[in-house]
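Visitor: pasting the structure only:
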């Protein structure tokens with residue numbers, strides 16, 4: 001968990017400490033951002049917010065997978 005929190009924080013995504021509930025379930029709140037990385041340099045070039053339309057993902061992710069930056073406005 002600490003490694004995931006550290007990685008998320010380095011991208012500006014906050015992750016709260018997990019809470020264990022009386023039924024044994026574990027809950028942790030976190031940001032709703034989705035960073036998209038280029039495989040060519042392993043850096044996040046796009047940060048999608050929680051209101052990003054699916055059509056943006058459908059367009060951008062194949063482009064990003066090819067190592068090119070997206071040109072679609074969010």
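Guide: The structure has been received and is ready for your questions. For clarity, every value in this text was computed on a predicted model and none was experimentally measured.
Visitor: So what touches the lowest-mean-pLDDT helix or strand in the chain?
Guide: The weakest-scoring helix or strand in the chain, judged by mean pLDDT, DSSP states H and E, is helix 2-10 (a mean of 80). Contacts to helix 2-10, defined as C-beta atoms under 8 Å, 6 or more residues apart in numbering, come from residues 14, 15, 30, 31. (C-beta placed from N, C-alpha, C; glycine too.)
Visitor: helix or strand right after that helix?
Guide: Heading C-terminal from helix 2-10, the first helix or strand you meet, by DSSP states H and E, is strand 19-20.
Visitor: other SSEs contacting the following helix or strand past that next one?
Guide: Counting by DSSP H and E, the element after strand 19-20 in chain order, helix or strand, is strand 26-27. Here strand 26-27 touches strand 19-20, going by 3 or more C-beta pairs under 8 Å, 6 or more residues apart in numbering; DSSP states H and E.
Visitor: Provide the strand pairings for the strand it packs on, with the direction of each partner.
Guide: strand 26-27 (antiparallel) (DSSP bridges).
Visitor: How about residues contacting the partner strand?
Guide: By C-beta under 8 Å, 6+ apart, the residues outside strand 26-27 that reach it are 18, 19, 20, 21.
Visitor: of these, closest to residue 56?
Guide: Of all the contacts of strand 26-27, residue 18 has the smallest distance to residue 56: 30.4 Å, by C-beta to C-beta.
Visitor: Please tell me how far the nearest residue to that closest one once chain neighbours are set aside sits from residue 47.
Guide: Excluding its sequence neighbours, the residue lying closest to residue 18 (C-beta to C-beta, 6 or more residues apart in numbering) is residue 28, at 4.1 Å. Plainly put, residue 28 is 20 Å away from residue 47 if you go by C-beta to C-beta, to the nearest Å.
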